[in-house]
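> Pasting a predicted model and its sequence here:
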Amino acid sequence: MPNAQCPMPNAHCPNFMSAEIICVGTELLLGDILNGNAQYLAKELAFLGIPHYYQTVVGDNLDRLQKAIAIASSRAQILIFTGGLGPTPDDLTCEAIATYFNSPLIERADIIEDITKKFAVRNRVMTPSNRKQALIPQGADILPNISGTAPGIIWQPVNQSQKNLIILTFPGVPSEMHRMWQETAVPFLKSQGWGENIIHSRMLKFWGVGESALAEKVSSFLNVPNPTVAPYASKGEVKLRVAAKAVSESAAEELIVPVEQQIKDIAGLDYYGADDDTLASVVGGLLRSAGETVSVAESCTGGYLGQMLTENSGSSDYFWGGVISYDNSAKVGMLGVNSEDLEKYGAVSGVVAEQMAVGVKKRLGTTWGISITGVAGPTGGSETKPVGLVYIGLAAPNGEVQSFENQFGVARGRSLIRHLSACTALDILRRRLIKK
């Protein structure tokens, strides 16, 4: 339990406590399953204000599991396990925990009864192998699993040198783990004094600026202890996580808001949104507010831009449709691109991008028209038009037409070039809508 004199646990607290997440399963090591459980638990621990500095993934091996327990219990006071609670021989989590702490495994009749009832509801008979799920370390409390057959445990071993160690186990099935965490684990941890201080964060998002350039602009915030500011980069986007420690979410917000505003002022139009915002949702909101519409003409992105726009519910308010004009004949026949210009400048050119944008705007009768044409690779490039060269066209309500050349680079790969092209097109439109 956190020291009463040190409500925010940290390295200077005499009763400093932290958690470690141990995810069990060879399938995780092989990459067959994405380890979403660790991400979920990390966010939940932050919300409770419980520090955690390590995550371990270990396969279905008794010896390696016990070694992982030895290391984790030497540096953390809350060990959270996911996976390895099933009925098969390679489900070893409870056995490993009990063996490491020299505790016998006890078959619990109430767990047998619960599993039997769950099988009966499904018109099935419990198999002998499922009895294994009723074996838990002596003295451990059951962490109920309403959805599945594998219960977890909440255990504070008494026969070990490190006192106040807390062990929580969960099945690897995410839906079962989430429910068990919220319904039982969170109330238990709060009863131990956690949750009085939380870590609340906001993710600020930027497009059109590099991670190092943005970090330099906001460098004065990067070493502030509370709230902390940390940069991240992913697929052309840069993010700044602003995280505050406080007694409540509202108190944390009071710390975050002024820092957030200062960063937004520094970043200007490079800042586009926060948390769940996407470029498409922000563009959609701007179009809806202005009572305007957009249509798209796509070549190398093959409908990806339209897909991004329609991922938001209600997008029909502002997105009227698009034309995938992959072949030149579609550019001419459906968008009215001049065949002589195609011959002279090529499909990957600013001239053609502009005509595509004008053509789709006119054909669908929208306020705005936006187009993408380029070389996504890995083949099709030339010395003058290399892989990664993309032109974006924009036709505005006032009749103004522009094209924008982008060199995304051959090393990015086809998928990323298409993603960057669609996002950049959205960003170009976003900036124009704001500047209107």
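Okay, I see it.

> Please enumerate the helices of the stretch 151-300 of the chain.
174-180, 186-191, 211-217, 249-267, 279-290 (DSSP state H, counting those that start in this stretch).

> now these in CSV, with mean neighbour count and distance to T366?
Backbone N, C-alpha and C define where each C-beta goes, glycine included. What follows is the helices of the stretch 151-300 of the chain, written out as CSV (neighbours: other Cβ atoms under 10 Å; distance: least, Cβ to Cβ, whole Å):
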stretch, mean neighbour count, distance to T366
helix 174-180, 19, 41
helix 186-191, 14, 48
helix 211-217, 15, 33
helix 249-267, 15, 30
helix 279-290, 19, 10
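
> I'd like to know which of the ones you listed is closest to K67.
In terms of Cβ to Cβ, the element of those nearest to K67 is helix 174-180, at 23.6 Å.

> which residues of the protein score low on pLDDT?
Along the chain, the model assigns pLDDT under 70 to residues 1-16, 159-163.

> related to what we said a few turns ago, and R124, which of the helices of the stretch 151-300 of the chain is closest to it?
When the helices of the stretch 151-300 of the chain are compared by Cβ to Cβ, helix 174-180 sits nearest R124, at 18.0 Å.

> hmm, back to that, in a markdown table: the helices of the stretch 151-300 of the chain, plus distance to G36.
A markdown table is the format used below for the helices of the stretch 151-300 of the chain (distance: least, Cβ to Cβ, whole Å):
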| stretch | distance to G36 |
| --- | --- |
| helix 174-180 | 6 |
| helix 186-191 | 18 |
| helix 211-217 | 25 |
| helix 249-267 | 24 |
| helix 279-290 | 23 |
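
> Any idea which of the ones you listed gets closest to A395?
Nearest to A395 among the helices of the stretch 151-300 of the chain is helix 279-290; the distance by Cβ to Cβ comes to 14.3 Å.

> other SSEs contacting the closest one?
Here helix 279-290 touches strand 271-274, helix 304-310, helix 414-435, going by 3 or more Cβ pairs under 8 Å, 6 or more residues apart in numbering; DSSP states H and E.

> May I see the buried residues of the shortest one?
The neighbour-count check on strand 271-274 (16 or more other Cβ atoms under 10 Å) flags Y271, Y272, G273 as buried.

> and which of those residues is nearest to P87?
Closest to P87, out of all of these and judged by Cβ to Cβ, is G273, at 45.9 Å.

> I142: what's its closest spatial neighbour, skipping adjacent residues?
Residue nearest to I142 in three dimensions, not counting chain neighbours: P151, with 5.1 Å by Cβ to Cβ, 6 or more residues apart in numbering.

> returning to that earlier point: of the buried residues of strand 271-274, which is the nearest to V283?
Taking the buried residues of strand 271-274 together and measuring to V283 by Cβ to Cβ, the closest member is Y272, at 9.0 Å.

> tell me the contacts of the closest one?
Counting by Cβ atoms under 8 Å, 6 or more residues apart in numbering, Y272 touches K205, F206, W207, L279, V282, D427, R430.

> Identify the residues contacting the nearest residue to the last one once chain neighbours are set aside.
Spelled out, that is R430. Nearest residue to R430 in three dimensions, chain neighbours excluded: V283, at 5.1 Å (Cβ to Cβ, 6+ apart). Neighbouring residues of V283 by Cβ under 8 Å, 6+ apart: V294, L309, L426, L429, R430, L433.

> Can you pull the domain assignment for the chain?
The record's domain split for the chain, according to automatic domain parsing, is 19-191, 198-274, 279-435.

> which one of these is the most hemmed in?
Mean neighbour count, computed with mean count of other Cβ atoms under 10 Å, is highest for domain 279-435 among the domains of the chain, reaching a mean of 19.

> Give the bridge partners for E405, please.
E405 has these beta-bridge partners by DSSP bridges: Y391.

> Just list the residues touching it, thanks.
Contacts for E405 (Cβ under 8 Å, 6+ apart) come out as G350, L389, V390, Y391.

> What helix or strand is the residue of the chain most remote from its centre located in?
Going by Cα atoms, centre = their mean, the residue of the chain most distant from its centre is E340, 46.5 Å out. Secondary structure assignment for E340, by DSSP states H and E: helix 339-345.
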